[in-house]
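In: show me the folded form of this:
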Amino acid sequence: MPPEIVLVAAVARNGVIGRDGGLVWHESADQRHFRTVTMGWPVIMGRKTWESLPERFRPLPGRRNLVVSRDPAYDAPGAEVVTSLDAALAAAGDATRVCVIGGAQLYAAALPRAD
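Out: Sure thing, here's the model as predicted:
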């Protein structure tokens, strides 16, 4: 049975999810909610999202980090690199839930399959 796919995003009223490779705002309540929702589950993110994380948070602790990149040789220390959403879902193995945490291309690919 495929895992439940949860899209996790902070969206501004104007629909923006990021700016200049980072978050639009930094609310501690939002960050706590993100941690609560994703903790213990595989997180799937694009390369740019991985690179936008502060180095001290890479990989996100307490979660299996799966980074989607077109470049199979991309190096993401502490994370697993895959080349597609399907490969990330396969790498998640028997997880019953995965959290897609960005970016825009990955959200677009995951949206039709999300729960």
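
In: going by C-alpha atoms from here, please, whenever you check contacts or count neighbours.
Out: Will do.

In: neighbouring contacts of stretch 105-114?
Out: Applying CA atoms under 8 Å, 6 or more residues apart in numbering, the contact partners of stretch 105-114 are Glu4, Ile5, Val6, Leu7, Met45, Gly46, Leu85, Val100, Ile101.

In: host element of the second one?
Out: Okay, so that is Ile5. Using DSSP states H and E, Ile5 sits within strand 4-7.

In: kindly report the same for the fifth one.
Out: The secondary structure element spanning Met45 is strand 43-46 (assigned by DSSP H and E).

In: which other helices and strands contact that strand?
Out: Judged by 3 or more CA pairs under 8 Å, 6 or more residues apart in numbering; DSSP states H and E, strand 43-46 is in contact with strand 65-68, strand 97-100, helix 104-110.

In: so can I have a markdown table of those showing mean pLDDT and distance to Tyr74?
Out: A markdown table is the format used below for the helices and strands packed on strand 43-46 (pLDDT from 0 to 100; distance: least, CA to CA, whole Å):
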| stretch | mean pLDDT | distance to Tyr74 |
| --- | --- | --- |
| strand 65-68 | 99 | 9 |
| strand 97-100 | 98 | 19 |
| helix 104-110 | 95 | 17 |
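
In: closest to Gln31 out of the ones you listed?
Out: Gln31 sits nearest to strand 97-100 of all the helices and strands packed on strand 43-46, at 14.7 Å, using CA to CA.
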